[in-house]
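Enquirer: Here is the input, now give the coordinates:
(one chain, ligands or ions: 2)
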Amino acid sequence: MPAPSLIFISRDDRYPRWHPALEAALPGIEVRCWPDGEEPRAGITYAIVWHPPHGVLARFPGLKAIFSVGAGVDHIFADPELPQHVPVVRLVDETLTGQMSEYVVLHVLRHHRRQPEYDAQQTDRVWRVLPCPPAADRRIGILGLGVLGLDAARKLKALGFSVAGWSRSKKDEPGIECYSGREELPAFLASCDIAVCLLPRTPETRGLLDAQMLAHLPWGAALINAARGGLVDEEALLAALENGRIGGATLDVFAAEPLPQDHLFWRHPRVTITPHIAAITNPASAARIIAANIERIEAGQTPLHIASRDRLY
Ligand code: NAP
Ligand code: GLV
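Expert: Ligands and ions are numbered 1, 2, ... in the order given. Have a look, this model is predicted:
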């Protein structure tokens with residue numbers, strides 16, 4: 001059997017940060033970077049990818065697995081020429097999970113404690129106390145109770161919030177009110193003072209939070225989207241911010257990234273923007289996780305965290 005070799009495929013400049021991590025975690029494996037290291041293609045057995053250009057993965061007939069640089073795999077399934085027989089593997093890394101929960105807790109607390117309003121008051125030199133309910137009376141709803149959503153939900157629960165979650169399949173998580181399926185989405189949304197989106201982007205979730213769904217939120221609710229652009233209808237969100245249905249939004253992800261200079265979100269007084277940084281993959285820990293999975297495959301075992309070809313996440 002030929003020695004395994006790996007290609008890193010990304011359209012941006014992240015490889016220099018990954019190279020030393022991959023060399024350290026995979027000492028016996030030849031590591032190359034696309035497009036320079038593309039030939040000979042047949043000998044390449046593993047690919048680590050972030051937004052691979054469509055059709056590139058199909059050029060490697062020897063692939064045994066395709067690893068995502070991040071938790072999301074929508075950027076891989078978007079490729080119409082994606083090889084059908086090769087497993088697509090999600091990144092499940094507690095370093096990344098911890099970062100996402102930090103982001104969610106930070107922004108839930110900002111909305112809960114009305115910090116954006118105090119920031120605005122400071123600009124105007126206004127000294128005014130704004131009422132704030134106890135955490136137990138603040139209802140936080142997490143859309144997506146997967147690896148990231150569940151960790152964030154547990155940490156928010158530990159802070160004393162009233163926490164609910166919504167997922168495709170019903171969950172049974174102590175202390176967390178669990179909703180599932182499209183039919184329970186309106187009731188779930190109606191119970192969210194602060195809604196946090198941690199869903200994958202799939203054909204089912206794209207545009208999920210449209211005008212009709214946003215209208216189920218209580219008046220003045222806050223929305224945090226740390227998942228993917230395209231899950232929230234941006235026009236509908238702007239309209240909901242205007243009519244007061246949504247009191248404030250924290251957005252890390254957008255339909256178009258980077259967010260276009262002329263987008264109305266940039267100037268909106270009740271929108272906080274971050275540049276897709278809620279959870280940034282740590283190359284060192286991710287490389288170790290990928291290495292452990294390659295070891296499993298080379299030993300004839302199934303890799304952990306294969307994304308479903310049916311559900312596309
Ligand atoms: P995951 O473990 O696959 O969890 C996904 C959750 O969403 C699951 O609970 C799943 O339900 C639920 N879900 C999927 N489709 C659904 C549907 N149609 N209706 C209801 N629930 C649905 O994913 P994860 O690791 O938590 O990551 C979630 C997403 O976060 C990623 O896909 C990525 O897009 C995003 N992300 C963003 C950043 C950032 O920096 N902004 C960083 C990392 C990840 P079941 O449990 O029933 O399957
Ligand atoms: C980042 O967006 C990820 O999917 O990990």
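
Enquirer: average pLDDT across stretch 299-313?
Expert: If you average the pLDDT over stretch 299-313, you get 98.

Enquirer: any idea how far residue 166 lies from residue 21?
Expert: According to C-beta to C-beta, to the nearest Å, residue 166 stands 35 Å off from residue 21. For every residue, glycine as well, the C-beta is placed using N, CA and C.

Enquirer: of these two, who's got more company?
Expert: residue 166 (27 against 19; other C-beta atoms under 10 Å).

Enquirer: give me every residue that touches the more buried one.
Expert: Residue 166 is in contact with 141, 142, 143, 144, 145, 178, 179, 180, 184, 185, 188, counting by C-beta atoms under 8 Å, 6 or more residues apart in numbering.

Enquirer: how about it, secondary structure?
Expert: When states are read from DSSP: H, G, I helix; E, B strand; the rest coil, the local structure at residue 166 comes out as strand.

Enquirer: That one and residue 62, how far apart?
Expert: To residue 62, residue 166 is 41 Å away according to C-beta to C-beta.

Enquirer: Give me every residue in the stretch 101-250 of the chain lying close to ligand 1.
Expert: The interface of the stretch 101-250 of the chain toward ligand 1, taken as C-beta under 6 Å from any ligand atom, is made up of 144-149, 167-169, 198-202, 204-205, 226-228.

Enquirer: Low-confidence stretches in this structure?
Expert: Counting by pLDDT under 70, the chain has low-confidence residues at 1-2.

Enquirer: next SSE after the biggest helix by length in it?
Expert: In the chain, ranked by residue count with DSSP state H as the criterion, the top helix is helix 94-112. Elements were assigned by DSSP states H and E; along the chain past helix 94-112, the next helix or strand is helix 115-123.

Enquirer: packing partners for the helix or strand just after that following helix?
Expert: Secondary structure here is assigned by DSSP H and E; on that basis, the next helix or strand after helix 115-123 toward the C-terminus is strand 139-143. In terms of contacts (3 or more C-beta pairs under 8 Å, 6 or more residues apart in numbering; DSSP states H and E), strand 139-143 is packed against helix 147-158, strand 162-167, helix 185-190, strand 194-197.

Enquirer: how near is the closest residue to ligand 2 within the chain to residue 173?
Expert: Proximity to ligand 2, evaluated over the chain using C-beta to the nearest ligand atom, is greatest for residue 70 at 2.4 Å. Distance of residue 70 to residue 173, given as C-beta to C-beta: 24 Å.

Enquirer: How many neighbouring residues does residue 79 have?
Expert: Based on other C-beta under 10 Å, the number of other residues close to residue 79 is 19.

Enquirer: The closest residue in space to it that isn't next to it in sequence is in what secondary structure piece?
Expert: Using C-beta to C-beta, 6 or more residues apart in numbering and skipping residues adjacent in sequence, the residue nearest residue 79 is residue 54, 4.7 Å away. Residue 54 is located outside every helix and strand, with elements delineated by DSSP H and E.

Enquirer: wait, isn't residue 54 in contact with residue 75?
Expert: No: no contact is recorded between residue 54 and residue 75 when judged using C-beta atoms under 8 Å, the distance being 10.5 Å.

Enquirer: any common contacting residues for these two?
Expert: Taking C-beta under 8 Å, 6+ apart as the contact criterion, no residue touches both residue 54 and residue 75.

Enquirer: of those two, who's got more company?
Expert: Residue environment comparison for residue 54 versus residue 75 gives the larger neighbour count to residue 75, 17 against 12, counting by other C-beta under 10 Å.

Enquirer: Residue 99 versus the more buried one, what's the distance?
Expert: Note on residue 75: its distance to residue 99, by C-beta to C-beta, is 19 Å.

Enquirer: what about residue 8, neighbour count?
Expert: By other C-beta under 10 Å, neighbour count at residue 8 equals 21.

Enquirer: my read: it touches residue 32, true?
Expert: Yes: under the contact definition of C-beta under 8 Å, residue 8 touches residue 32, with a separation of 7.2 Å.
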